[in-house]
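Engineer: Take this sequence and fold it.
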Amino acid sequence: MIDSQEYFNNARTLLLRECCRGVEELQQIAPTPYMGTVIHINTRGEANLVGFHPGMRRLYKHIFLQNKEVKQQIVDYYRALGYGWCDIVPLNRTDWKIFLWPKT
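Structural biologist: Sure thing, here's the model as predicted:
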């Protein structure tokens, strides 16, 4: 049986890998006028699931993205890469986006 803390941490790490893109990947995402760089987080249907183990509660991306500590960890990551502003928002019930603006 998997430890519940390990299960939770694995799910959180999986989400952070999707949200915290590498420098090379960010360079391939073209900034959009007036919106900066937009990172789409797939939270539709089964893609929203980041943790599943028989006998344990399912863990979902959208729940982690609502957590202040997780959001702050993502913001801190992008600020360390030189972005001046980072916002993590749900655009509707199923679409989450990360908006990044360079320092001016």
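Engineer: need the contact list for the residue most central in space within the chain.
Structural biologist: Residue closest to the average C-alpha location in the chain (Cα atoms, centre = their mean): Cys19, at 3.2 Å. Applying Cβ atoms under 8 Å, 6 or more residues apart in numbering, we find Cys19 in contact with 39, 41, 65, 74, 88, 98. In short, each C-beta sits where N, CA and C put it, glycine included.
Engineer: can you tell me which of these are in helices?
Structural biologist: 65, 74 (DSSP state H).
Engineer: Produce a ChimeraX select command limited to the buried residues of the contacts of Cys19.
Structural biologist: Restricted to buried positions by 16 or more other Cβ atoms under 10 Å, the ChimeraX selection for the contacts of Cys19 reads:
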select :39,41,65,74,88,98
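Engineer: okay if I get the contacts of Cys19 as CSV plus distance to Ser4?
Structural biologist: Listed next are the contacts of Cys19 as CSV, based on distance: Cβ to Cβ, whole Å:
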residue, distance to Ser4
Ile39, 29
Ile41, 25
Leu65, 21
Ile74, 23
Ile88, 26
Ile98, 28
